[in-house]
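Undergrad: sequence first, predicted model second:
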There are 2 protein chains.
Amino acid sequence: MPGTDRRAWEVVLESIEADLLSGRLSPGDHLPAERALAAGLGVGRSSVREALRVLEVLGLIRTAAGSGPSAGAIIVALPGGGMSALMRLQVAAQGFPVADVVKTRLILEAAVVAELAGAAGAAGLAGSAQLLDAMDAPGLTEAEFLALDTQFHLSLATASGNQVITATMAGLRSAIEGYARAGALGLASWSETSARLRGEHRGIVAAIDAAEPELARARVVAHIEGYYAETHDHPLHAWPPALGPT
Amino acid sequence: MPGTDRRAWEVVLESIEADLLSGRLSPGDHLPAERALAAGLGVGRSSVREALRVLEVLGLIRTAAGSGPSAGAIIVALPGGGMSALMRLQVAAQGFPVADVVKTRLILEAAVVAELAGAAGAAGLAGSAQLLDAMDAPGLTEAEFLALDTQFHLSLATASGNQVITATMAGLRSAIEGYARAGALGLASWSETSARLRGEHRGIVAAIDAAEPELARARVVAHIEGYYAETHDHPLHAWPPALGPT
DNA sequence: GCGACGGGTGTGGTCTGACCACAGTACACG
DNA sequence: CGTGTACTGTGGTCAGACCACACCCGTCGC
């Protein structure tokens, strides 16, 4: 019978996934103890641990030692962490070209701001505006500015309310964090760039507030493409790249 | 010193990530044997295995027992698997609402076809056209049709050449595979729906071939929103959802 | 009666050692 | 020279042990 030869940790993973899909497990619930899970499924505890480790990295569970209500493995379903780890490692292993990461981020963020501009209430942008003010503080280092920049762009995704986009954007951003930092350090005049970026940020928010979807989209595209070109010596265009046999 | 109390498997993961970033490890390379890795890092073999299991699920390595060049853990960087597992489990754990998954897919696919239509050569669509013909075969079951449908939509992403979008689309698709199947089975007239879907597919490809980005985008939006509404009894709109207090 | 203290208990985290199945390799044998 | 067969090293799994931790509850002292 094919499929019976699954590895032990896969059996555990599938069992937990089935419990999630059937509703036997829901966010907030505790998983059975590792030893109980192992005994119940007829596998060793180490196999259970391998499966739980995967679930933890994927952001599905949170584990804590000790005793009491907060101990054990708890279903949390926080997608951000898992997405970040996945994207970061894929970029590190050269499975994801940096340019593709930036392009995807561009597509998603452009769609997000266009939707925000089209939506009636721009109530979700309070956090974004706060971050813009924080980025105006004098004496910010490149690293501090970039951290706020990350939060700002992420706050736009959060304002959309779309969990998938929020998590994906967070992952994409963390994947290219190292490149963004290296690029910023190589700039000739950081203060000029910082001023320009801050102005572009306010322009994006202004376009959203003005309920101008296409203007917001265009400004996001210019913002991201411009920064990419400035830090990479070559544009982001030529999309899709290299299809023909040359 | 904070940070020193990392768990053992995290040490392994960070070590491998550092090796990837520094170039000491590249796609195609073999990882050291589990026992050697454990000895070298001063951790137990079980901790090494937990880290490798994570890398395997994330699609970074492929493991094989036995001996010879193909055995051991090899860096592969195949993002599809990891993305699928992540999205599927997050949907199962209710971290990703199905509507958000569909919306994200809509955004990405709309951008993909628009770009494909804008690009000069539509050479990458040969596979897509082949799938369209396969979907015209009479007597296809719902499941067979949906499998081809998945391949068709994925082939569009592949044609874009963007690794991140391709992997993300594959993950999104696998996350909602169960819902798509359940929705198809509940339809009143499958043959009518199938005919309509096939027509819409050809319309999308035609728009790309005609180099009409906005038409292609509009047809993709209509295609996905229409199918969602048909199988869910409520539209995909109201985006972003529920920001206000109420 | 009430508070503080201490062991008991169960949790995840880790290591060790052992065994298995597997696949390639090298060596001995015909 | 060809053909097996034993060897070696790999991942896969299990069992058992120990640790640190955090809660729980009973006891003790006030």
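TA: Ah, there it is. Numbers count the residues shown, from 1 in each chain, chains lettered A, B, ... in the order given.
Undergrad: when you work out contacts or count neighbours from here on, use the C-alpha atoms and nothing else.
TA: OK.
Undergrad: the residue positioned nearest the centre of chain A and B:Ile165, how far apart?
TA: In chain A, the residue lying closest to the centroid (Cα atoms, centre = their mean) is A:Ala170, at 1.9 Å. Going from A:Ala170 to B:Ile165 by Cα to Cα, to the nearest Å gives 15 Å.
Undergrad: and the worst-scoring helix or strand of chain A on mean pLDDT, how far from the chain's centre?
TA: When the helices and strands of chain A are scored by mean pLDDT, DSSP states H and E, helix A:177-185 comes last with a mean of 87. Relative to the chain's own centre, helix A:177-185 is displaced by 17 Å; criterion: Cα atoms, centre = their mean, to the nearest Å.
Undergrad: partner residues bridging A:Ala73?
TA: A:Thr63 (DSSP bridges).
Undergrad: mind listing what it touches?
TA: A:His30, A:Leu31, A:Pro32, A:Ala33, A:Ile61, A:Arg62, A:Thr63, A:Ala64 (Cα atoms under 8 Å, 6 or more residues apart in numbering or on different chains).
Undergrad: wouldn't the first one be in contact with A:Gly68 here?
TA: So that's A:His30. No. Shown here, A:His30 and A:Gly68 do not form a contact pair, counting by Cα atoms under 8 Å, at 11.2 Å.
Undergrad: quick one, which of the two is more surrounded?
TA: A:His30 (19 against 8; other Cα atoms under 10 Å in any protein chain shown).
Undergrad: so what's the more buried one closest to, chain neighbours aside?
TA: A:Ile74 (4.5 Å; Cα to Cα, 6 or more residues apart in numbering or on different chains).
Undergrad: one more: A:Leu187?
TA: Going by Cα to Cα, 6+ apart, A:Leu187 has A:Thr231 as its nearest residue, at 7.1 Å.
Undergrad: dump the strand or helix carrying that neighbour to PDB, keeping only the CA atoms.
TA: Using DSSP states H and E, A:Thr231 maps to helix A:213-232. Once non-C-alpha atoms are left out, helix A:213-232 reads as follows in PDB (Å, rounded to 0.1, in the frame of the first residue of the first chain):
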ATOM      1  CA  PRO A 213      -5.900  54.800  -5.600                       C
ATOM      2  CA  GLU A 214      -3.900  55.200  -8.800                       C
ATOM      3  CA  LEU A 215      -1.900  58.000  -7.400                       C
ATOM      4  CA  ALA A 216      -1.100  56.000  -4.300                       C
ATOM      5  CA  ARG A 217      -0.100  53.000  -6.500                       C
ATOM      6  CA  ALA A 218       2.100  55.100  -8.700                       C
ATOM      7  CA  ARG A 219       3.900  56.600  -5.700                       C
ATOM      8  CA  VAL A 220       4.500  53.300  -4.100                       C
ATOM      9  CA  VAL A 221       5.900  52.000  -7.400                       C
ATOM     10  CA  ALA A 222       8.200  55.000  -7.700                       C
ATOM     11  CA  HIS A 223       9.200  54.700  -4.100                       C
ATOM     12  CA  ILE A 224      10.300  51.100  -4.100                       C
ATOM     13  CA  GLU A 225      11.700  51.100  -7.600                       C
ATOM     14  CA  GLY A 226      13.700  54.200  -6.900                       C
ATOM     15  CA  TYR A 227      15.200  52.900  -3.700                       C
ATOM     16  CA  TYR A 228      16.100  49.600  -5.400                       C
ATOM     17  CA  ALA A 229      17.800  51.400  -8.300                       C
ATOM     18  CA  GLU A 230      19.700  53.700  -5.900                       C
ATOM     19  CA  THR A 231      21.100  50.800  -3.900                       C
ATOM     20  CA  HIS A 232      21.700  48.300  -6.700                       C
END
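Undergrad: mean confidence for it?
TA: In this model, helix A:213-232 carries a mean pLDDT of 92.
Undergrad: likewise for stretch A:74-85?
TA: Here stretch A:74-85 scores 93 as its mean pLDDT.
Undergrad: so how far does that stretch reach from one end to the other?
TA: End residues of stretch A:74-85 are separated by 20 Å (Cα to Cα).
Undergrad: and it, which residues are buried?
TA: Of the residues in stretch A:74-85, A:Ile74, A:Ile75, A:Val76, A:Ala77, A:Leu78, A:Pro79, A:Gly80, A:Gly81, A:Gly82, A:Met83, A:Ser84, A:Ala85 count as buried by neighbour count, 16 or more other Cα atoms under 10 Å in any protein chain shown.
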